[in-house]
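K.L.:
Sequence and predicted model, in that order:
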Protein chains: 2
Amino acid sequence: MHNIKLIIEYDGTNYHGWQKQKNAITVQEKIEEVLKTLTRANINLIGAGRTDAGAHARGQTANFRIEDLAIPVNKLPHAINTLLPEDITVKHAEEVPEGFHSRFCAKEKIYSYYILNSKFPSPLARKYSFHYPRALDIKNMRQAGSYLIGTHDFVSFKAAGSKAKTTVREIRGFEIQKEGEMIRTIFRGDGFLYNMVRIMMGTILLVGEGKVPPEYIQHVISSKKRENAGMTLPAKGLILEQVIY
Amino acid sequence: MHNIKLIIEYDGTNYHGWQKQKNAITVQEKIEEVLKTLTRANINLIGAGRTDAGAHARGQTANFRIEDLAIPVNKLPHAINTLLPEDITVKHAEEVPEGFHSRFCAKEKIYSYYILNSKFPSPLARKYSFHYPRALDIKNMRQAGSYLIGTHDFVSFKAAGSKAKTTVREIRGFEIQKEGEMIRTIFRGDGFLYNMVRIMMGTILLVGEGKVPPEYIQHVISSKKRENAGMTLPAKGLILEQVIY
């Protein structure tokens, strides 16, 4: 039995997220179809995490188990990519121990959220960022983000549909990089609830605009009420950068 | 009579370039249609330069003349953008002297060419860069580019279909920036022949790969033969950054 780990980049614009579902095209399904063509086996590809419809990944990680693998593992990315559409690419494949599970073994995830803070929307950045025209105070946004760091109950930042057993998560890193009009916010954590990054970002935007002070984030966390957090920003600004094991 | 200057960004993926033509959708035509809807006048929008089919712009510049303009010029970008598709945006509009002509008055143009130098193609960068998997020597590419600077007859770097009166141009700047696997090359010059940036870039790639030494560029220029230059790289890596007046 082989257990194969893949690292995958995708432009999520035309997919209903990672996870397979009825009546919608997903990234998982696209890759499983290609693996079936290549191996003639029914493959169950386990992703490190779902990504939302329209969100992107530079480092989604997945694994699958297979009895016989005729293609050498180092040739696998090229073989898969030849059959994949150009909005999905397998960047790496390796054989891993049989116990490896891309979701259960994940120790940390890194996400970026991109905001284009310009007067007019940008045709060139439109699919990979959220356009926000009003002035933003980056210093206050950085301070706001610092209150997210640590182990907290993040139930206030959880979308209604989430079925997570616990809403306690640890945020280990929060960083804002600014290059011209593009603001990139990087979140590191042991895991994220459904829509959590997009809701955290929407709340930090309230701070950036000056509608609430940076300390308001502490109130949102302690209140444990979704209605105190900001809006869920669009998926297109979200990129799953890396899964760490 | 008003003379209005526009600065325009566009994603050229779905257009046959800037300039209006039969049986193909172009950026010029799209904006002229919107201007006609807004002003009820037939507008001739003069661009600073054609861009190739599939090439992009962050700072294409154009002007048009109109007898009566009911919309204040500072409101014009928003009014136009409301009617444009999301792959074209007018970023700036201003009234300019009657003699201003976006093509004839242009003093300098700045273009970028993006090469993604990675093992596998990138779904997220695929529309705005040329993927090149082989190792490149940036230092030699920089030296090669230095030989382009100055006033030369660039006939070797001209596409067959070009009808330019003179093939002498002045290249004023050549710079290579590298960020991770993305290589951005910036060209500044008083003007560029048809496909000239894409052919210069294809020739510099020969140097980067080690097929020819950096000094080979001098030979290409002095030979005045297109066949000595490299291939025309794809339009999708090319962005018109700015037109200077």
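P.N.:
Thanks, I have the structure now.

K.L.:
drop to CA atoms for contacts and neighbour counts, all remaining ones
P.N.:
Will do.

K.L.:
The host helix or strand of residue A:243 close to chain B?
P.N.:
In the assignment (DSSP states H and E), residue A:243 maps to strand A:238-244. No. Using Cα under 8 Å from any Cα of the partner chain, strand A:238-244 stays clear of chain B, coming no nearer than 10.0 Å.

K.L.:
Spell out which parts of chain A neighbour chain B.
P.N.:
Residues of chain A lying near chain B (Cα under 8 Å from any Cα): A:9-11, A:58, A:86-91, A:119-124, A:126.

K.L.:
what's next to the strand holding residue A:243, contact-wise?
P.N.:
Outside strand A:238-244, the residues that touch it by Cα atoms under 8 Å, 6 or more residues apart in numbering or on different chains are A:48, A:51, A:55-61, A:106-114, A:128-129, A:198.

K.L.:
Three-state assignment for the residue located most distally from the centre of chain A, please.
P.N.:
Distance to the chain centre peaks in chain A at residue A:70, reaching 32.1 Å (criterion: Cα atoms, centre = their mean). At residue A:70, secondary structure determined by DSSP: H, G, I helix; E, B strand; the rest coil is coil.

K.L.:
Count the neighbours of the nearest residue to it once chain neighbours are set aside for me.
P.N.:
Counting by Cα to Cα, 6 or more residues apart in numbering or on different chains, residue A:70 lies nearest to residue A:39, which is 7.5 Å off, once chain neighbours are set aside. Applying other Cα atoms under 10 Å in any protein chain shown, we find 15 residues neighbouring residue A:39.

K.L.:
does residue A:39 really touch residue A:69, like I thought?
P.N.:
Yes. Under the criterion of Cα atoms under 8 Å, residue A:39 makes contact with residue A:69 at 7.0 Å.

K.L.:
List the buried residues of the strand holding residue A:243.
P.N.:
A:238, A:239, A:240, A:241, A:242, A:243 (16 or more other Cα atoms under 10 Å in any protein chain shown).

K.L.:
and what of stretch A:23-43?
P.N.:
So for stretch A:23-43, counting by 16+ other Cα under 10 Å, buried means A:25-35, A:38, A:43.

K.L.:
Ok, stretch A:156-175 next?
P.N.:
The neighbour-count check on stretch A:156-175 (16+ other Cα under 10 Å) flags A:156, A:157, A:158, A:159, A:167, A:169, A:170, A:171, A:172, A:174 as buried.

K.L.:
Residue A:160: what secondary structure?
P.N.:
Reduced to three states with three-state DSSP, the structure at residue A:160 is coil.

K.L.:
Need the pLDDT of it.
P.N.:
On pLDDT, residue A:160 comes in at 79.

K.L.:
One more: residue A:130?
P.N.:
With respect to pLDDT, residue A:130 scores 98.

K.L.:
Please name the nearest non-neighbouring residue to it.
P.N.:
Nearest to residue A:130 is residue A:115, by Cα to Cα, 6+ apart, at 4.8 Å.

K.L.:
OK, contacts around that neighbour?
P.N.:
Residue A:115 is in contact with A:129, A:130, A:131, A:132, A:182, A:183, A:184, A:237, counting by Cα under 8 Å, 6+ apart.

K.L.:
Contact partners for the last one?
P.N.:
Pointing back at residue A:237 there. Contacts of residue A:237 by Cα under 8 Å, 6+ apart are A:55, A:112, A:113, A:114, A:115, A:127, A:128, A:129, A:130.

K.L.:
My read is that the last one contacts residue A:205, right?
P.N.:
No. Counting by Cα under 8 Å, residue A:130 stays clear of residue A:205, with 11.5 Å between them.

K.L.:
picking that back up, could you identify the pair within the buried residues of stretch A:23-43 that is furthest apart?
P.N.:
A:25 and A:38 (19.9 Å; Cα to Cα).

K.L.:
Residue ranges of each domain in chain A, please.
P.N.:
A:2-95, A:108-244 (automatic domain parsing).

K.L.:
ok, residue A:113 - contacts?
P.N.:
So residue A:113 contacts A:129, A:184, A:185, A:186, A:197, A:198, A:201, A:237, A:238, A:239 (Cα under 8 Å, 6+ apart).

K.L.:
those helices in chain A, which residues are they?
P.N.:
For chain A, the helices defined by DSSP state H cover A:27-39, A:76-83, A:138-146, A:196-209, A:216-223.

K.L.:
Pick the most buried one from these.
P.N.:
Neighbour counts (mean count of other Cα atoms under 10 Å in any protein chain shown) averaged over each of the helices of chain A peak at helix A:196-209, with a mean of 23.

K.L.:
Does residue A:111 touch residue A:190 like I think?
P.N.:
No. In this structure residue A:111 lies outside contact range of residue A:190 using Cα under 8 Å: 11.3 Å.

K.L.:
out of these two, which sits in the busier spot?
P.N.:
Shown here are residue A:111 and residue A:190; by other Cα under 10 Å, residue A:111 has more neighbours (22 against 16).

K.L.:
if you skip the residues just before and after it, what's nearest to the more buried one?
P.N.:
Closest to residue A:111 by Cα to Cα, 6+ apart is residue A:240, at 4.6 Å.

K.L.:
For the one you found, give the beta-bridge partners.
P.N.:
Residue A:240 has the following beta-bridge partners by DSSP bridges: residue A:57, residue A:111.

K.L.:
before we move on, the earlier item: pick out whichever of the contacts of residue A:237 sits closest to chain B.
P.N.:
residue A:128 (8.1 Å; Cα to the nearest Cα).

K.L.:
Thought residue A:121 was touching the closest one, still the case?
P.N.:
No. Shown here, residue A:128 and residue A:121 do not form a contact pair, counting by Cα under 8 Å, at 11.8 Å.

K.L.:
Taking helix A:196-209 as reference, get the angle to the strand holding residue A:243.
P.N.:
Strand A:238-244 runs at 120 degrees relative to helix A:196-209, counting by axes from the mean of the first three to the mean of the last three Cα atoms, to 10 degrees.

K.L.:
Please write out the alpha-carbon positions of strand A:238-244 in PDB.
P.N.:
The C-alpha trace of strand A:238-244 is given here as PDB (Å, rounded to 0.1, in the frame of the first residue of the first chain):
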ATOM      1  CA  LEU A 238      -8.300  34.400   0.400                       C
ATOM      2  CA  ILE A 239      -5.400  32.100  -0.400                       C
ATOM      3  CA  LEU A 240      -4.400  29.000   1.500                       C
ATOM      4  CA  GLU A 241      -0.600  29.400   1.500                       C
ATOM      5  CA  GLN A 242       0.800  26.400   3.300                       C
ATOM      6  CA  VAL A 243      -0.100  23.500   5.500                       C
ATOM      7  CA  ILE A 244       2.700  22.500   8.000                       C
END
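
K.L.:
Can you give the distance of it from its chain's centre?
P.N.:
5 Å (Cα atoms, centre = their mean, to the nearest Å).

K.L.:
and that strand, average pLDDT?
P.N.:
Per-residue scores along strand A:238-244 average to 97.

K.L.:
Could you dump the helices of chain A into CSV with distance to residue B:75 added?
P.N.:
Shown next, in CSV, are the helices of chain A (distance: least, Cα to Cα, whole Å):
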stretch, distance to residue B:75
helix A:27-39, 42
helix A:76-83, 47
helix A:138-146, 28
helix A:196-209, 24
helix A:216-223, 36
